[in-house]
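Enquirer: fold the following for me, if possible:
(one chain, ligands or ions: 2)
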Amino acid sequence: MARGVKSGDSSASLLSELRLSSDKARFAGTPTKGHVMHRGACLCGAITFEVTGALPPPDACHCSQCRKQSGHFWASTDVPRAAVTIHGADKVTWFRSSEKVRRGFCSTCGSVLFWDPIHRDWMGIAMGAFDSPTHVRLAKHIFVASKGDYYELGDGVPQHER
Ligand SMILES: [Zn+2]
Ligand SMILES: [Zn+2]
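Expert: Numbering: from 1, shown residues only. Ligands and ions are numbered 1, 2, ... in the order given. Predicted coordinates:
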């Protein structure tokens with residue numbers, strides 16, 4: 001939070017509006033692929049990131065790994081790695097959760113940010129870390145066969161067993 005700005009939701013949204021208006025000035029006209037920029041950060045702000053281009057529709061993963069790491073379930077969008085810029089990358093701790101995947105979180109505040117299949121050219125980014133508006137809606141629930149027994153999914157979003 002900037003010095004002299006009162007904390008709270010209203011000033012936070014004011015700040016994001018200011019950022020948006022500066023984006024509009026930079027990218028005058030109708031946003032098109034390549035001109036849209038989405039920003040996000042971890043809870044403590046040590047890590048920030050930018051994604052160029054519109055975000056693909058996110059999914060919510062209910063597998064046991066995502067449940068344990070996130071504390072509930074994990075909603076993310078898969079974007080081309082080349083579209084992602086990470087600032088404060090030295091603050092990212094990578095946990096190799098399987099042979100082919102590493103998961104990145106903030107070593108200071110613990111925010112879970114990245115799901116990175118290391119042999120692919122894309123990576124998943126946590127929806128909760130993005131500034132609003134994201135301009136996307138949750139597209140599907142996956143691995144619902146592994147979901148916790150303490151909640152129900154009644155949002156009408158398609159569910160997949162795996
Ligand atoms: Zn942090
Ligand atoms: Zn998962």
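
Enquirer: this protein: helices as residue ranges?
Expert: For the chain, the helices defined by DSSP state H occupy 9-26, 64-70.

Enquirer: let me see the contact set for the residue nearest the centre of the chain.
Expert: Most central in the chain under C-alpha atoms, centre = their mean is residue 126, positioned 2.6 Å from the mean C-alpha point. Residue 126 sits next to 40, 74-76, 111-115 when contact means C-beta atoms under 8 Å, 6 or more residues apart in numbering. All C-beta spots, glycine's among them, are computed from the backbone N, C-alpha and C.

Enquirer: for it, report the pLDDT, please.
Expert: Looking at residue 126, its pLDDT reads 98.

Enquirer: separation between the nearest residue to residue 59 once chain neighbours are set aside and ligand 1?
Expert: Using C-beta to C-beta, 6 or more residues apart in numbering and skipping residues adjacent in sequence, the residue nearest residue 59 is residue 140, 4.8 Å away. Residue 140 sits at a distance of 28 Å from ligand 1 (criterion: C-beta to the ion, to the nearest Å).

Enquirer: contact residues of this structure facing ligand 2?
Expert: Applying C-beta under 5 Å from the ion, we find that the chain lies next to ligand 2 at 61, 63, 66.

Enquirer: which ones are touching residue 42?
Expert: When contacts are counted by C-beta under 8 Å, 6+ apart, residue 42 is found next to 48, 91, 105-106, 108-109, 111, 113, 129.

Enquirer: give the buried subset of those as a PyMOL selection command.
Expert: Only the buried entries of these go into this PyMOL selection, using 16 or more other C-beta atoms under 10 Å:
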select buried, resi 48+91+105+106+111+113+129
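
Enquirer: return the subset of the contacts of residue 42 lying in strands.
Expert: Using DSSP state E, the subset of the contacts of residue 42 located in strands is 48, 105-106, 113.

Enquirer: what ranges do the strands span in the protein?
Expert: Applying DSSP E to the chain gives strands spanning 37-41, 48-52, 59-61, 74-80, 84-87, 92-96, 101-106, 112-117, 122-126, 140-142.

Enquirer: what's the closest of those to residue 133?
Expert: strand 37-41 (9.1 Å; C-beta to C-beta).

Enquirer: contacts for the closest one?
Expert: Counting by C-beta under 8 Å, 6+ apart, 19, 23, 27, 47-52, 55, 113, 125-126, 129-131, 134 sit against strand 37-41.

Enquirer: close to ligand 1, is that strand?
Expert: No - using C-beta under 5 Å from the ion, strand 37-41 stays clear of ligand 1, with a minimum separation of 7.7 Å.
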